[in-house]
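> when you get a sec, could you give me coordinates for this:
(chains A and B, ligands or ions: 1)
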Amino acid sequence: MILYDYVLSPSCYKVRLLASLLVAGIDLRPVDFHPGAEHHSPEFRALNPAGTIPVLKDAELVLTESGAILTYLAAVNAHEWLGHDDPEMQARVANWLAFSQRLTASAGAARLHDMLGFSGDIDALRVQATDALRELEAAIHARRRRGGIFLAADRPTIADIACFPYAALAPDGGVSLDSYPSIRLWMRAIRALPGFIEMPGIHRLHEQMPEPGPMPDVVRKESA
Amino acid sequence: MIATMQDHWYPVALASKLTRSGRDTLLLAQPIHVRAEASGAPVVTCDGRVLPVLVKFGHVWTSLGTPAGDVFDIPEAHQPGRRLVEVGSVKVRCSPLRAVENFLDIAHFPFVHTDVLGSEPHTEVERYEVEIRDDVNEVWATKVKFFQPQAARSAQGGITTEYMYRVPNPTCSVLYKTCPPRPGEWDVITIFVQPLTETTCEVWPWMALYDDDSTMTQMIHFQQLIFLQDRSILENQLPALLPLDPGQEIPTRADMLSIAYRRWLKRHGYTFGAQLVAA
Ligand SMILES: [Fe+2]
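Take a look at the predicted model:
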């Protein structure tokens, strides 16, 4: 399996993260998304006419939607991650996979605007991101009241992996996570999974590492 | 002669990525427009005024004032056989001077670039030398040594890496680093910072490396990964402006370069992105 990958793309990270959690080997083929815009090149468009990443290629199969890629990885490697125990769970997973596109289109677009200078109505994007995060917060809060933490089941599924990166990186687009305690607990639970890997802005759990935020040393130094 | 903030050269685009329609951006809080002519030559304007422009290290440089000379040089970067890596820009919500100061932070590798440029428990900073070189008007740190798990994409396993840091311009820094495949030469890693406002900047990392194994995209991604780790720290630093007065703080060995940089900025009256009173 070959993943056409960009190191700073949260959508590519979803695939790398799930592959790591499932101990599934994938080969990475780096795409010069920024500054090279390789995803707009004729060669890349021949692979994926939409010119988007990630793309997963497995022999003749070419998948260009991250939800489909996560589904395929789980179906091949670890069926329980699909969340197909019963019709309700299966539908919940499908719902969250679709919902994750709202996070991509809002928090993700705000991040590209703020970080890489992409165009967009930043105020509108942040409002949309906040709406999506509030919905996610309410859903996780409801799961917690029933003793759970993960989105679709009592265990992590591809639903969690689909929503996690863009929620966790919302601050990159100027959207704070301070007012979402359930989201923060849920992110912690994901970061505690065996095989978890990082990307810039998403840190592993580490006793000596501060939570993302000011480094204690810097704060102490400057406020002295 | 001491240049004013207006008279310095600043990076504003990658020459290879410049288009005819160009881009609107800011320089020292002034709106500017950067574009390519039909011939490919870059043009920078500010409110109808055509600004000085030159291309160096793959970037378009401009100035709102009258620069005294050329953009500083990096002689090593001209050596044949080096791969010149145009990493592209990343916007950061931080003072442009904070972006440089973080780049100069000798102690941050194990904490910010864990398991790549540093790791615990190898957090100790060994003795090194810092000087403000009056003849060339630059800040230098030499004999900096650090244990690194993976110092570059071309590095196999952990090595003790030696560094030199150089600040040739208030918003630019050059890092010289042991070159794993070619002992005796230095890899050149830079950040060129474009000050947008006092609390926002666009950072243009650029490298001149000896590396015959990695693809260009792999080298770009490695450096973007590293810089994005810095970005998440930079956006949370307080106070937002860089204090030029050391105030009450008791410096550690790792802070010596930062203190020299701040002192040098103060001597130049470089206050854009700085605060003069201790917080
Ligand atoms: Fe760094």
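> what's the helix or strand for the residue nearest in space to the middle of chain A?
Nearest residue to the geometric centre of chain A (Cα atoms, centre = their mean): A:P165, 2.4 Å. Using DSSP states H and E, A:P165 maps to helix A:158-168.
> export that helix as CSV, just CAs?
Taking Å, rounded to 0.1, in the frame of the first residue of the first chain, the C-alpha atoms of helix A:158-168 are listed here in CSV:
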residue,chain,number,x,y,z
ILE,A,158,-12.2,5.0,12.7
ALA,A,159,-14.8,7.6,13.6
ASP,A,160,-12.4,8.9,16.3
ILE,A,161,-9.4,8.9,14.0
ALA,A,162,-11.4,10.7,11.3
CYS,A,163,-12.3,13.6,13.7
PHE,A,164,-9.3,13.8,15.9
PRO,A,165,-6.6,15.6,13.8
TYR,A,166,-8.6,18.7,12.7
ALA,A,167,-10.2,19.1,16.1
ALA,A,168,-6.8,18.9,17.8
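> rewinding a little: need the contact list for the residue nearest to the centre of chain A.
A:10-11, A:13-14, A:17, A:199, A:202 (Cβ atoms under 8 Å, 6 or more residues apart in numbering or on different chains). No exception for glycine: its C-beta is placed from N, CA and C like everyone else's.
> please redo it, this time with the cut-off set to 10 Å
By Cβ atoms under 10 Å, 6 or more residues apart in numbering or on different chains, the residues touching A:P165 are A:9-14, A:16-17, A:66, A:100, A:103-104, A:107-108, A:187, A:190, A:199, A:201-202.
> next, count neighbours for the nearest residue to it once chain neighbours are set aside.
Excluding the flanking residues, the one nearest A:P165 by Cβ to Cβ, 6 or more residues apart in numbering or on different chains is A:P10, at 3.5 Å. Counted by other Cβ atoms under 10 Å in any protein chain shown, the residues lying close to A:P10 total 25.
> hmm, A:P10 is touching A:A110, no?
No - proximity of A:P10 to A:A110 does not meet the contact threshold set by Cβ atoms under 10 Å, at 12.0 Å.
> so what sits against both of the two?
Joint contacts of A:P10 and A:A110 (Cβ under 10 Å, 6+ apart) are A:166, A:169, A:172.
> now, which of those lie close to chain B?
With Cβ under 10 Å from any Cβ of the partner chain as the criterion, these include A:169, A:172 near chain B.
> let's have the shared contacts of A:P10 and A:A110 in JSON lines, adding pLDDT and neighbour count.
Formatted as JSON lines, these follow (pLDDT from 0 to 100; neighbours: other Cβ atoms under 10 Å in any protein chain shown):
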{"residue": "A:Y166", "pLDDT": "98", "neighbour count": "29"}
{"residue": "A:L169", "pLDDT": "97", "neighbour count": "26"}
{"residue": "A:D172", "pLDDT": "95", "neighbour count": "25"}
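> for residue 66, give me the pLDDT.
Since no chain was named, I'll use chain A. pLDDT, A:S66: 97.
> my bad, the chain I had in mind was chain B
Looking at B:T66, its pLDDT reads 95.
> which residues touch it?
B:3-4, B:6-7, B:52.
> what is the strand or helix carrying B:I259 packed up against?
B:I259 is part of helix B:256-267 when elements are defined by DSSP H and E. Here helix B:256-267 touches helix B:96-103, strand B:129-133, strand B:138-148, strand B:159-169, strand B:242-243, strand B:274-275, going by 3 or more Cβ pairs under 10 Å, 6 or more residues apart in numbering or on different chains; DSSP states H and E.
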